[in-house]
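Q: Build the 3D model from these lines:
(one chain, ligands or ions: 1)
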Amino acid sequence: MPSRGADMQGGRGSHAAGGGRELYWFQADLRLEDNPGLLQHSAGESLLCLYCLQDNPGWFNTVGMGSQRRRFLLESLAALNDELAGLGQTLLVVAGDPRQVIPAIVRSHAVTRVGTAQAPGYYEARQREYLGRVLSVPLLVHTGNTLLRQEQLPGGLGALPGQYTPFRQRVESLPVDIPLPAPRQLPPPPAGTGFALPMDPDCRPNPAFPVRGGSRAGRDRLRNFLYRERAVDTYKETRNALQGQFHASGLSPWLANGSLSVREVAHALRDYETTVMRNESTDWLYRELLWREFFHWRERLEGVRLYAAGRRSGNRHFCTFDPRTYARWCQGDTDYPLVNALMRELVTTGGMSNRGRQIAASCLVNELGLDWRYGAAFFEKHLIDFDLPSNYGNWRYIAGVGSDPRGGRHFDIAKQARLYDADGAFTAKWGGVRPPQPRYVTDATDWPIG
Ligand SMILES: Cc1cc2nc3c(=O)[nH]c(=O)nc-3n(C[C@H](O)[C@H](O)[C@H](O)COP(=O)(O)OP(=O)(O)OC[C@H]3O[C@@H](n4cnc5c(N)ncnc54)[C@H](O)[C@@H]3O)c2cc1C
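A: The predicted structure is shown next:
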């Protein structure tokens with residue numbers, strides 16, 4: 001079995017080599033295929049497969065998870081459980097913080113080794129650090145959710161360019177490791193392991209964005225996009241559309257929670273290019289995967305700085321925070337019909353096109369003058385494909401607070417509407433035209449007007 005750079009964080013215990021009672025903690029790698037971490041823990045005497053269901057840490061005015069995002073996650077967990085069942089295994093889903101859950105399970109099941117894959121996020125890193133310190137057994141943190149291994153980055157992580165283009169130029173031609181097969185067998189779960197999944201019976205996918213969780217659904221989408229629809233052939237021309245089932249790959253929901261391996265997508269694309277055709281569109285799709293890659297490595301390098309309001313130089317993006325303006329943006333009740341339609345689409349379906357995200361984000365930052373992090377947190381709550389590095393990385397890019405030298409992006413909303421919703425069908429579909437509202441509802445002394 002190839003070893004792909006597992007680094008051990010906790011060094012105690014006598015079973016660092018495996019073969020004992022293993023615990024594998026799934027995070028953003030909800031799949032069996034191309035899962036190097038799971039493979040490394042598949043030869044023990046027993047294996048407990050765990051997922052900790054955590055709510056978003058409440059911040060920037062948002063708590064919890066939007067109903068569509070939660071629905072997709074629960075479906076993904078149920079699908080993973082089904083796949084594990086085919087190998088005589090089961091997924092234990094526990095609601096709670098892994099810092100409490102994992103030590104308790106390690107004790108109660110006399111686990112001898114814990115494994116997990118690197119998951120992006122500051123809290124996630126703190127959780128791993130904590131577990132590495134307090135667990136009495138080794139914690140192995142594996143790679144596997146990026147196209148490249150860290151050792152492949154030219155000059156290492158420290159030499160990572162601050163901008164996308166030089167990053168792309170350096171890594172575009174690097175080989176992507178061949179995806180690993182799913183384990184053919186797994187050790188049995190320890191006695192008494194259950195599968196308890198709190199289901200949301202009242203939430204179904206919205207017909208406008210009917211994606212279902214699980215690796216199989218993700219792979220179907222990949223196959224359809226490439227071979228059945230051959231939509232990849234024209235991707236470069238269609239990718240900016242606001243709606244339409246195959247205007248873009250639509251793979252982000254499965255990539256985000258790891259139901260689909262990004263290396264598998266890259267190899268499927270290369271196979272398509274070899275066997276069917278390669279053109280500007282197929283090249284462009286790979287470049288988009290490299291945007292994801294760029295943001296993932298940047299997140300690892302930036303750590304907590306990713307969430308800073310302004311530039312590292314201290315050049316803050318000036319803005320005030322007006323709760324009413326923010327609420328109007330969230331509810332899709334601004335003076336911008338296209339933005340309203342986009343926000344209503346987001347909350348109802350859990351999805352939004354890339355062009356739509358750019359327009360809605362630019363509106364919050366530039367038209368409404370709000371702190372970008374409130375917008376990012378609202379997207380985090382609702383996007384089915386929420387991927388921390390891509391979300392915060394893109395928001396920073398638009399707000400002009402990252403390492404990008406161009407100082408942000410300001411989209412002309414009227415022009416965008418003419419270009420991408422010329423007949424107004426998208427705006428009408430989501431009820432974007434709202435009754436006019438007074439600009440101010442309080443006077444200069446904060447006294448209600450009227
Ligand atoms: C403000 C804002 C917030 C965003 N938040 C997220 C997020 O939480 N999760 C997320 O996956 N993407 C995010 N994106 C990027 C992009 O909008 C989505 O990846 C894309 O819309 C997903 O649709 P698709 O799979 O059809 O993409 P395609 O156009 O088919 O691209 C293929 C894949 O490439 C990657 N990709 C494409 N564009 C980008 C990009 N700009 N940045 C990073 N990766 C990219 C994704 O993994 C995507 O699935 C955000 C963009 C903006 C402007």
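Q: Of all the residues in the stretch 51-200 of the chain, which one is nearest the ligand?
A: Y164 (9.0 Å; CB to the nearest ligand atom). From N, CA and C alone the C-beta is placed, and that goes for glycine too.
Q: Could you find the closest non-adjacent residue to the residue nearest the centre of the chain?
A: Nearest residue to the geometric centre of the chain (CA atoms, centre = their mean): D387, 1.7 Å. In this structure, D387 finds its nearest non-sequential neighbour in A256, 4.1 Å apart by CB to CB, 6 or more residues apart in numbering.
Q: who touches that neighbour in this structure?
A: A28, I384, D385, F386, D387, S390 (CB atoms under 8 Å, 6 or more residues apart in numbering).
Q: Quick check: R373 vs the ligand, distance?
A: 12 Å (CB to the nearest ligand atom, to the nearest Å).
Q: nearest spatial neighbour of the residue of the stretch 51-200 of the chain closest to the ligand, skipping sequence neighbours?
A: F294 (5.1 Å).
Q: For the helix or strand hosting the one you found, name the packing helices and strands.
A: With secondary structure defined by DSSP states H and E, F294 is part of helix 280-302. Contacts defined by 3 or more CB pairs under 8 Å, 6 or more residues apart in numbering; DSSP states H and E place helix 280-302 against helix 164-171, helix 235-238, helix 262-275, helix 388-399.
Q: quick check, the second one touching the ligand?
A: Think helix 235-238. No. Counting by CB under 6 Å from any ligand atom, the ligand has no neighbours in helix 235-238; the shortest distance is 6.9 Å.
Q: what comes into contact with that helix?
A: Taking CB under 8 Å, 6+ apart as the rule, helix 235-238 contacts A231, G244, F246, H247, A248, S249, E280, S281, T282, W284, L285.
Q: Name all residues that make contact with the last one.
A: I take that to be L285. V232, Y235, S249, L269.
Q: sorry, back to before: looking at the contacts of helix 235-238, which gets the smallest pLDDT?
A: Minimum pLDDT for these is recorded at G244 (87).
Q: Give the burial count for it, as a bare number.
A: Look at G244: counted by other CB atoms under 10 Å, it has 11 neighbours.
Q: Please apply the same query to F379.
A: With other CB under 10 Å as criterion, F379 counts 23.
Q: wouldn't it be in contact with F386 here?
A: Yes. Applying CB atoms under 8 Å, one finds F379 in contact with F386, separated by 7.1 Å.
Q: dump the residue contacts of I413.
A: Y336, L338, V339, I359, S362, C363, E367 are the contacts of I413 under CB under 8 Å, 6+ apart.
Q: again, only using 6 Å
A: Contacts for I413 (CB atoms under 6 Å, 6 or more residues apart in numbering) come out as Y336, L338.
Q: What's the separation between it and Y336?
A: 5 Å (CB to CB, to the nearest Å).
Q: Could you measure from P337 over to T325?
A: As judged by CB to CB, P337 and T325 stand 16 Å apart.
Q: out of the two, which sits in the more crowded spot?
A: Per other CB under 10 Å, whichever of P337 and T325 has more neighbours is P337, with 21 against 17.
Q: Could you count how many residues lie near V93?
A: 21.
Q: Quick check: it is in a strand.
A: Yes. Applying DSSP: H, G, I helix; E, B strand; the rest coil, one finds V93 inside a strand.
Q: Read off the pLDDT value for it.
A: 93.
Q: Does it touch C49 like I think?
A: No. Applying CB atoms under 6 Å, one finds V93 not in contact with C49, separated by 9.6 Å.
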